[in-house]
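*Asks:* Could you look at this predicted model? Sequence included:
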Amino acid sequence: MLPWLNNDQFPLYLAPMAGVTDVIFRRLCKEQGADVMVTEFVSAEGILQRDDRTRHYTDFDEEQRPLGVQLFGSDGVRMGEAARKIIDWKQPDFIDINFGCPVNKVVAKNGGSSLLKDCPLLASVAREVAKAVPIPVTAKMRIGWDANHVNAVEVAKILEDCGMRAIAVHGRTRAQGYTGLADWDVIGQVADAVKIPVIGNGDIASGQDVEVRRAQTNVKGIMIGRAAMANPWVFKEAKHYLATGTHAPHASVEERFNFMRRHCQMAVERNAHMQELQTLRAMRNRLMNYTKSIPGGKWLRQRFSTIGSMMELEDIFAAYLDHQAAHIHEHATNDEV
């Protein structure tokens, strides 16, 4: 058993998300209570070609443990070689294989969710990677290719037989992408069908969601993805709910602003070789995500869409507080009239 899944611990995983779960975001989510981390997926071929741009995806801080590096590819032997290289560089706690990515450029190379259509190839990838490395190997998958090919139970049994130590199941098909609802009935069937731990993933946005899915299925942990992009406090909120049965107060505007400021500052420091404008431009979407559920979020999003410096960030925060104060005053005046 993986140590973080021992003794009914029920860990909360931060889902690997390309372009999102970089070393900085993982550090921030760890502070908020995420238990287990997985890197953005990385190409096994990129690793073998000693591509520095690929290698930096495997970076992590010691505090982020337990952490896995996620690999994608379709040649098990090559992926095993890549996994060994990563272990030489980094010594992660586990290797995770991506059998879930729906993105065309990954699928076109026979990686990610395309392997759900080819069980013999999927089996050889899982088996070869597990054989090649001295640390645990886990897998992340979707429930099938499309609504007519939901084969998650069959795939999970194959992965268990091939030496996977845990499986994370996203309750959507490849065809769904991120639309529609995650099918937790299928996730539950997978958890019942195998002896290894199953981590459930899909539509988890609160502690109550975690509690409901834990009660309804035999999953041994929960993976949170897109909800954390807008609300990284979801891990803290979920743990509070699991411990007390009550909802924690949502992060205040001040807490959100402090978080945004820190995220941007850490990004600027990490990318010291780049101009501040470039770094802040890359942060625009992240900042816009953080405004969801803030009163007057639309006003903030308009301004974040063109942000180019840390000073501008402070100006936006100050202007927002003035804007909200004026808005409240206007409403109070109208009520008196």
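*Replies:* It's in.
*Asks:* mind checking the SS state of A130?
*Replies:* helix (DSSP: H, G, I helix; E, B strand; the rest coil).
*Asks:* Would you quantify the distance from it to T138?
*Replies:* The gap separating A130 from T138 is 10 Å, by CB to CB, to the nearest Å. In this view, the C-beta of every residue, glycine as well, is placed from N, C-alpha and C.
*Asks:* who touches both of those two?
*Replies:* Between them, A130 and T138 share these contacting residues under CB atoms under 8 Å, 6 or more residues apart in numbering: M164.
*Asks:* Report pLDDT for the closest residue to H323 other than its chain neighbours.
*Replies:* Nearest residue to H323 in three dimensions, chain neighbours excluded: W299, at 6.1 Å (CB to CB, 6 or more residues apart in numbering). Looking at W299, its pLDDT is 92.
*Asks:* Repeat that for the one 10 residues further on.
*Replies:* Looking at S309, its pLDDT reads 95.
*Asks:* tell me the contacts of it?
*Replies:* If you count contacts by CB under 8 Å, 6+ apart, S309 has them with E276, L277, L280.
*Asks:* Likewise for V253?
*Replies:* V253 neighbours (CB under 8 Å, 6+ apart): I294, P295, L321, Q324.
*Asks:* can you pull the contacts of the third one?
*Replies:* This means L321. Contacts of L321 by CB under 8 Å, 6+ apart are V253.
*Asks:* And for P295?
*Replies:* So P295 contacts V253, Q324 (CB under 8 Å, 6+ apart).
*Asks:* circling back to that earlier point, backbone dihedrals for the residue nearest to H323, please?
*Replies:* phi -60, psi -40 (degrees, to the nearest 10).
*Asks:* so how many other residues sit close to R165?
*Replies:* Residues near R165, counting by other CB atoms under 10 Å, number 19.
*Asks:* any idea how far it lies from H247?
*Replies:* According to CB to CB, R165 stands 34 Å off from H247.
*Asks:* Show me how far the least confident helix or strand in the chain by mean pLDDT is from its chain's centre.
*Replies:* Least confident element among the helices and strands of the chain, by mean pLDDT, DSSP states H and E: helix 104-107 (a mean of 72). Computed by CA atoms, centre = their mean, to the nearest Å, the chain-centroid distance of helix 104-107 equals 19 Å.
*Asks:* which other residues reach it?
*Replies:* Residues contacting helix 104-107 (CB under 8 Å, 6+ apart): F41, F72, N98, C101, G112, S113, S114, R174.
*Asks:* Over to stretch 267-274?
*Replies:* By CB under 8 Å, 6+ apart, the residues outside stretch 267-274 that reach it are V23, I24, E276, Q278, T279, L280, A282, M283, M310.
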